[in-house]
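1. I'll drop the sequence and a predicted model, then ask my questions.
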Amino acid sequence: MKLLTSLMLAASLAVTALPTLAQEAKPAAAPAEAKAEPVKAAKPDLAKGEASFVAVCAACHAPDGNSVISINPKLAQQHPEYLVKQLQEFKAGKRANPIMMGMAAALSDDDMKNIAYWVSTKVSTPGAAKEKELVSLGERIYRGGIADRQIPACAGCHSPNGAGIPAQYPRLSGQHADYAVAQLTAFRDGVRNNSLQMTGVAAKLNDREIKAVSDYVAGLR
């Protein structure tokens with residue numbers, strides 16, 4: 001009887017110990033990995049942007065970005081994302097212009113960003129249309145396109161008042177007509193190749209239409 005009692009007690013103690021042993025044998029859970037903090041893009045340094053602009057850009061584009069040389073674009077109030085893209089593409093050789101390629105080659109990404117965001121804070125001076133006999137044609141093309149030749153309205157991307165769409169389409173309001181003519185012609189003739197959309201549109205325009213819409217854009221405000 002004593003033997004049976006001893007055996008039963010031993011069995012009971014063994015069963016009781018099993019959960020404890022199982023818990024001890026269970027590997028410790030790995031500590032939860034800390035969530036990586038998102039990398040925040042550095043804010044543009046406007047003071048450095050101004051200094052770089054004055055040193056590198058002002059001779060051609062004027063100290064406040066309102067170029068007085070009609071073949072050089074006004075940069076004041078232009079969307080900074082667009083300016084950064086153009087500088088990067090000059091540097092990479094995707095947009096051909098010997099002067100601008102040389103200038104952009106010396107700029108870092110931070111330099112480009114600082115310059116672009118600084119000059120975008122400057123107010124663009126208004127321009128004016130000069131070709132009275134062409135202004136109505138330019139307005140029709142800009143606002144309504146030419147449907148029978150599948151030429152879309154410029155206003156669809158650059159907005160009715162030429163303000164453009166940030167990060168997508170550049171501001172055109174008040175831009176020099178001579179510069180706009182040069183760029184549309186370059187797109188049409190395959191000299192400028194960094195926008196398939198603009199190449200497709202310009203390919204359908206003749207010289208008179210390019211001159212008309214460029215002159216109209218100069219007077220937009």
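-> Great, that's in hand. Residues are numbered from 1 along each chain as shown.
2. residues contacting the closest residue to residue 109 other than its chain neighbours?
-> Using CB to CB, 6 or more residues apart in numbering and skipping the chain neighbours, the partner closest in space to residue 109 is residue 88 (7.5 Å). (Each C-beta comes from the backbone N, C-alpha and C, glycine too.) Contact analysis of residue 88 by CB atoms under 8 Å, 6 or more residues apart in numbering lists 104, 109, 112.
3. of the residues you listed, which belong to helices?
-> Those of these mapping onto helices are 104, 109, 112, per DSSP state H.
4. okay, the residues you listed in CSV with neighbour count and distance to residue 133 next?
-> What follows is the ones in helices among the contacts of residue 88, written out as CSV (neighbours: other CB atoms under 10 Å; distance: CB to CB, whole Å):
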residue, neighbour count, distance to residue 133
104, 21, 39
109, 11, 46
112, 23, 41
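5. pull the CA atoms of stretch 192-208 into CSV?
-> The C-alpha trace of stretch 192-208 is given here as CSV (Å, rounded to 0.1, in the frame of the first residue of the first chain):
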residue,chain,number,x,y,z
ARG,A,192,15.1,69.7,-77.4
ASN,A,193,14.1,66.2,-76.3
ASN,A,194,13.3,66.2,-72.6
SER,A,195,9.5,66.2,-73.0
LEU,A,196,7.7,63.8,-75.3
GLN,A,197,4.5,65.6,-74.7
MET,A,198,5.8,68.9,-75.9
THR,A,199,7.6,67.4,-78.8
GLY,A,200,4.3,65.9,-79.9
VAL,A,201,2.4,69.2,-79.6
ALA,A,202,5.1,71.4,-81.2
ALA,A,203,5.5,69.0,-84.2
LYS,A,204,2.1,70.0,-85.4
LEU,A,205,2.7,73.8,-85.2
ASN,A,206,4.0,75.9,-88.1
ASP,A,207,6.2,79.0,-87.6
ARG,A,208,3.3,81.4,-87.6
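6. ok, residue 194 touching residue 95?
-> Yes - counting by CB atoms under 8 Å, residue 194 does reach residue 95; the two are 4.5 Å apart.
7. overlap in contacts, these two.
-> Taking CB under 8 Å, 6+ apart as the contact rule, residue 194 and residue 95 both touch 86, 89.
8. now do the SS call for the residue most central in space within the chain.
-> Centroid check for the chain by CA atoms, centre = their mean gives residue 81 as the closest residue, at 3.2 Å. Secondary structure, DSSP: H, G, I helix; E, B strand; the rest coil: residue 81 is helix.
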